[in-house]
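# following is a predicted model, sequence given first.
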Amino acid sequence: MRIPLWTAWRERRAWQLNAATSVLANAGLQIQTASGVSVTEKKALTYIPVLAASRVIAEDVASLPLITYRRLDPRGKERATSHPLYQLLHTQPNPEQDSFMFRSLLQLHAAAWGGGYAEIETQDGWPVALWPIPPWRIEPRRDTRSGELYYHVASPAINEVSQEQGVDLWRWQVFRVFWLSLDGVTPISPVGFAREAIGLGLALAEFGGRFFSNDARPGFILEHPGSLSDDAYKRIRGTFEQRHQGLSRSHRVALLEEGMKLHEVGIPPEDAQFLETRKFQRTDIASLYRMPPHKIGDLERATFTNIEQQAIEYVVDCLRPWLVRWEQAILTQLIPREQRAGIFAEFLVDGLLRGDTPSRYAAYATAINSGWMSRNDVRVLENLNPVDGLDEFLIPLNMVGAGGAPPALPSGRSEQRSVAGRRRLAGAYRDLFIQAAARIVRREKVDVLKLAEAQLGKRNGTSFAEGLDEFFAEHEDFVRREMGPVLLSYAEAVHAEASGDVRAEGGLPPELEVFMAAYLAGFINRWIGSSRGQILSVTGVALAQAGDPVASLADRFTEWLATRPEKTATWETHQAGEAVTSETWRLAGVREKVWSANAGACPLCSELDGQTVEISKFFVGEGQSVEADGAEPLTTDMGIGHPPLHDGCECSLVPG
């Protein structure tokens, strides 16, 4: 394969747009700062805040999917996977680099030097490869006759052994992403403009290293009663430094010869506390890149309550301008003018702007119930596979298009369609319930095993039980945070589905929100009661049998992780779905509900099939039994107002 196509040598007089900087750079000269430290772009990257800020931006720009789209008529877009630019930008810009490496390299150049450059290799008028050019080897020039802009690349050129004087590339042969510019042609170097702040930071870092290499001591004086020859002076000084200089040799006993005395040179304590000054330098660098300080390790103003908002501010204020620069550079430099109306490239930043779980699920529920997102759209955004039957857009019955006549109300859906809709929802939300339950189990495993190792290793069952009670008292909030958003989102979806059964209006009513709060509280009690009871039972048996209670607990948690999330998802999607359905119908004024057993139901469920009760009544009262031929009687310890009747039950409700 041919490596970058460099243009022929041009012999012409040209004036350099950045002559002063170019001369200094090519001569290897460095600009001295007031702190006494010379600062270049490469040296600036040895200063941790500059490296951290440049790295954060470079890796984030490189990690975002960069998609080439085709505009649709009259609106919308689709991925242009067959377009020549798609693989070039998304996957591999050249045979030697993948997209992540290429973009992170150019972005690092732009963040430190102010500009990232690449040669555009073309074939039949289309770019087929992009080859990075080090920014310290390139400079813009103009032809004195035509005024045309071109770029001179000093030797050695990347991937090619060139003549000594370098090569020239026309403007359209160079892809470039700039920071800021004073003339629109030559980029400003962020390091150059912040040279003094960076120099001070480097000086402080060097001072800290030297300071601690001397055991954080500024120095001392050795006093000798007589005069010393040059050899004696060097011997005494060398011996003392060898024995006592550095942190590893600090606090050793000093043996002084010939009546010498040691005098320490004191310094004010505030002079040794230079960390505050270093902190201010980090803030300056963060300001230079419009970056929240916590992104480069300054957590002084970051709290658990505002860190999410700061992350969003980082995307909007710091990262977004860079993404726009990339997108417009691609549009104007890689896409022919005649195709720009139909082809464009865009970064996907949705993942970086994701809010917390409750906020996302509430927004999804609003979008689904408002009819502008399907349930499969939400599943894709949550990295879940689509499910058959969930591509339909749900539209509240009390809303119609502007100027349109209200549609005729349906006479009611068939029982089969009503049940099938709820089952599709249960399948769609199953993975979310599994993930939430798994996170709860994993937390219990870590914290309870840690408590068990501390208490049960001493065979102290009483202290373990007390610690377990304290853990579960605090654990309630964690269970609520993990399962609450999933249950609420599921309830909103089921409510919208059940509303169609009885021609009720969409939108989650306040009464149902209160109902779901009570349901969530019941779930938390059931979960914690089950976990606590099983943990105490397992440890009690192990202690009574002189076994290893910690190992027994570890085995139980392994079993839970393998089975409990799926069991929870199966039970809760069924029970919560039928409970919300019943409550939705009650709020809509439905008077009765009917138990509907599935085909192939067990004898107990078949016994209840077709039974009709008032909407607020139980099918089976507390303490009552369900009896059927061919099955053991089932006595309930609570009233059963809706399915499931037992594990594995697949019955449903239909309106009476």
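Yep, that arrived.
# for the residue of the chain most remote from its centre, give its distance to Ala232.
Most distant from the centre of the chain: Gly226, at 69.6 Å, with distances by CA atoms, centre = their mean. Distance, Gly226 to Ala232, by CB to CB, to the nearest Å: 10 Å. Heads up, the C-betas are built off the backbone N, CA and C, glycines and all.
# what's the answer for Leu105, then?
Leu105 is 57 Å from Ala232, by CB to CB.
# ok, the two, which is more surrounded?
Taking other CB atoms under 10 Å, Leu105 and Ala232 do not tie; Leu105 has more neighbours (17 against 13).
# would you confirm that that one contacts Pro134?
No - taking contacts as CB atoms under 8 Å, Leu105 lies outside contact range of Pro134: 9.6 Å.
# break this protein into its domains for me.
What automatic domain parsing lists as the domains of the chain is 14-191, 195-275, 360-400+411-590, 592-656.
# and the second one, average pLDDT?
Right, the one you point to is domain 195-275. For domain 195-275, mean pLDDT is 64.
# same thing with stretch 541-554?
So the average pLDDT for stretch 541-554 ends up being 87.
# now that stretch: buried residues?
Judged by neighbour count (16 or more other CB atoms under 10 Å), stretch 541-554 contains these buried residues: Ala542, Leu543, Pro549, Val550, Ser552, Leu553, Ala554.
# likewise for stretch 535-542?
If you call a residue buried by 16+ other CB under 10 Å, then stretch 535-542 has these buried ones: Ile535, Val538, Thr539, Ala542.
# what's the distance between the residue nearest to the spatial centre of the chain and Arg564?
Nearest to the mean C-alpha position of the chain, by CA atoms, centre = their mean, lies Leu352 at 5.8 Å. Separation of Leu352 from Arg564 (CB to CB) stands at 33 Å.
# try Phe478
Phe478 sits 16 Å away from Arg564, taking CB to CB as the criterion.
# ok, those two, which is more surrounded?
Legend: neighbour count by other CB under 10 Å for Phe478 and Arg564, higher for Arg564 (21 against 16).
# name the element the more buried one belongs to?
For Arg564, the enclosing helix or strand under DSSP states H and E is helix 549-587.
# which ones are touching the nearest residue to Lys295 once chain neighbours are set aside?
Using CB to CB, 6 or more residues apart in numbering and skipping residues adjacent in sequence, the residue nearest Lys295 is Val56, 5.3 Å away. Contacts for Val56 (CB atoms under 8 Å, 6 or more residues apart in numbering) come out as Met291, Lys295, Ile296.
# sec struct for Val56, please.
The three-state assignment at Val56 reads helix, by DSSP: H, G, I helix; E, B strand; the rest coil.
# so which bits of stretch 363-377 are buried?
Neighbour-count burial for stretch 363-377 [16+ other CB under 10 Å]: Tyr364, Ala365, Ala367, Ile368, Asn369, Met373, Ser374, Arg375, Asn376, Asp377.
# would you format those as JSON lines with distance to Arg591, secondary structure and pLDDT included?
Shown next, in JSON lines, are the buried residues of stretch 363-377 (distance: CB to CB, whole Å; DSSP: H, G, I helix; E, B strand; the rest coil; pLDDT from 0 to 100):
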{"residue": "Tyr364", "distance to Arg591": "33", "secondary structure": "helix", "pLDDT": "82"}
{"residue": "Ala365", "distance to Arg591": "28", "secondary structure": "helix", "pLDDT": "80"}
{"residue": "Ala367", "distance to Arg591": "33", "secondary structure": "helix", "pLDDT": "80"}
{"residue": "Ile368", "distance to Arg591": "29", "secondary structure": "helix", "pLDDT": "83"}
{"residue": "Asn369", "distance to Arg591": "26", "secondary structure": "helix", "pLDDT": "75"}
{"residue": "Met373", "distance to Arg591": "34", "secondary structure": "coil", "pLDDT": "86"}
{"residue": "Ser374", "distance to Arg591": "33", "secondary structure": "coil", "pLDDT": "87"}
{"residue": "Arg375", "distance to Arg591": "30", "secondary structure": "helix", "pLDDT": "88"}
{"residue": "Asn376", "distance to Arg591": "35", "secondary structure": "helix", "pLDDT": "87"}
{"residue": "Asp377", "distance to Arg591": "36", "secondary structure": "helix", "pLDDT": "87"}
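# and which of those is nearest to Ala129?
Asp377 (36.1 Å; CB to CB).
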